[in-house]
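Asker: Provided below for reference: sequence and predicted model.
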Amino acid sequence: MALSYLAFLQGDAFVPGINDLVHGNKKEGIVSYQERINSGKVAIDALGNYIKFKKSGDVTNAEKELATFRTHENDFGYGYYFGKDPHMLIPNVKMSFYSFHIMVILGTWFLVLFALLFYKIIKENLENSKTLLRLTLWSIPFGYVASQAGWIVAEVGRQPWTIQNLLPNIAAVSQIDAYSVQITFFLFLIIFTTLLIAEIKIMLSAIKKGSAH
Ligand code: HEM
């Protein structure tokens, strides 16, 4: 029920599972991936034909193909999986599941930690709470871990789509040479490593200076 509220803001909505999406669920009006793949193929072919007829000035046939395309356009991206295993449309469940849980556990930990810190600051005895200060110090890396885990949730969870239902990754790959990607990668690596070193130095010198009191 909670998931139904989260997804649809009502308590009795049907939340499809992976099997419902892959194999379809007639009762709930969900078509299977294979049906969407077939329908998407019709859309891709119709678009190709439309362009051909339009170029040759055959308006009647162009209109016909456009109408076919319009009927199937919501499944367009699925068409690229024609002849392929529909299970390829499922993202890596374990990876998104565990990354999400790591992120949320850390997020909850931060809420508890900040509440404790806030309480101690109000009571004006934060300096004497050695354990809490140590926990706070050791929690610094967790912020980075949570961010990376969140990013994994977002990136892995959206697979295999570049644009949901319209453009799958297999159709979105650009023709750039591998070496230009490598050059950009190493440039970013150098810039961000330099920035990281600078940031660590600044943080360490701020820690050495200590607080104003
Ligand atoms: C109770 C705690 C949290 C909940 C419920 C939560 C929920 C979510 C959800 C649902 C997403 C996926 C969004 C999407 O792509 O659709 C997400 C992404 C993300 N989360 Fe969290 N999150 C929590 C804590 C945190 C914390 C503590 C951090 C970092 C310190 C964090 C960093 C991120 C990042 C970087 C993304 C990826 C954003 C993107 O690239 O689109 N999250 N979070």
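Answerer: Yep, it's here. Numbers count the residues shown, from 1 in each chain.

Asker: so which strand or helix has Ile122?
Answerer: Using DSSP states H and E, the element containing Ile122 is helix 93-123.

Asker: so what's the gap between stretch 123-141 and the chain middle?
Answerer: 34 Å (Cα atoms, centre = their mean, to the nearest Å).

Asker: residue numbers of this protein in contact with the ligand?
Answerer: Counting by Cβ under 6 Å from any ligand atom, the positions of the chain adjacent to the ligand are 103-104, 106-108, 110, 143, 146-147, 150-151, 153-154. The C-beta positions use only the backbone N, C-alpha and C, and glycine is treated the same way.

Asker: now neighbour count too, for those, in TSV please.
Answerer: Output for the residues of the chain next to the ligand, formatted as TSV (neighbours: other Cβ atoms under 10 Å):
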residue	neighbour count
Met103	19
Val104	14
Leu106	18
Gly107	13
Thr108	10
Phe110	14
Gly143	11
Ala146	19
Ser147	12
Gly150	17
Trp151	12
Val153	20
Ala154	12
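
Asker: now distance to Lys94 too, for the residues you listed, in JSON lines please.
Answerer: Formatted as JSON lines, these follow (distance: Cβ to Cβ, whole Å):
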{"residue": "Met103", "distance to Lys94": "15"}
{"residue": "Val104", "distance to Lys94": "16"}
{"residue": "Leu106", "distance to Lys94": "18"}
{"residue": "Gly107", "distance to Lys94": "20"}
{"residue": "Thr108", "distance to Lys94": "21"}
{"residue": "Phe110", "distance to Lys94": "25"}
{"residue": "Gly143", "distance to Lys94": "24"}
{"residue": "Ala146", "distance to Lys94": "19"}
{"residue": "Ser147", "distance to Lys94": "20"}
{"residue": "Gly150", "distance to Lys94": "17"}
{"residue": "Trp151", "distance to Lys94": "17"}
{"residue": "Val153", "distance to Lys94": "12"}
{"residue": "Ala154", "distance to Lys94": "16"}
